[in-house]
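Q: No letters, just coordinates:
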């Protein structure tokens, strides 16, 4: 990644939340709905799943699209690695470590 941060206005839904004990089984839909709410992600609204390189975002896309039925979620497979290559693309930083 060329620059640190996130896309402006993005919500963070950690991939570790989507599976039971960060393992090989997805959480049940009722639990997923609660976790989406805690993260501020509306599971019935248009969304774009992204991460640093796209691999973790694919898990978020799968859960949202296939398990929760959100046909309006997209996957930005280039994610932040691609976005931050262009200096004109805005990046939001809530916490500065430098």
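A: Thanks, I have the structure now. What you see is a predicted model, and the numbers here were worked out from it, not measured in a lab. Residues are numbered from 1 along each chain as shown.
Q: And the contacts of stretch 46-65?
A: For stretch 46-65, the external contacting residues (C-beta atoms under 8 Å, 6 or more residues apart in numbering) are 1, 7, 10, 13, 15, 18, 26, 32, 41, 43, 70-81, 83. For glycine as for every other residue, the C-beta is placed from the backbone atoms N, C-alpha and C.
Q: in this structure, which spans are strands?
A: Ranges of strands within the chain are 47-49, 73-75, based on DSSP state E.
Q: so of these, which one's packed in deepest?
A: Mean neighbours per residue, mean count of other C-beta atoms under 10 Å, is largest over the strands of the chain for strand 47-49, with a mean of 20.
Q: Can I get the strands of the chain in a markdown table including distance to residue 66 and mean pLDDT?
A: Below are those laid out as a markdown table (distance: least, C-beta to C-beta, whole Å; pLDDT from 0 to 100):
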| stretch | distance to residue 66 | mean pLDDT |
| --- | --- | --- |
| strand 47-49 | 12 | 94 |
| strand 73-75 | 10 | 96 |
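Q: mind checking which of those is nearest residue 91?
A: Each of the strands of the chain has some distance to residue 91 by C-beta to C-beta; the shortest is strand 47-49, at 15.0 Å.
Q: what residue is smack in the middle of the chain?
A: In the chain, the centroid-proximal residue (C-alpha atoms, centre = their mean) is residue 49; its distance is 4.2 Å.
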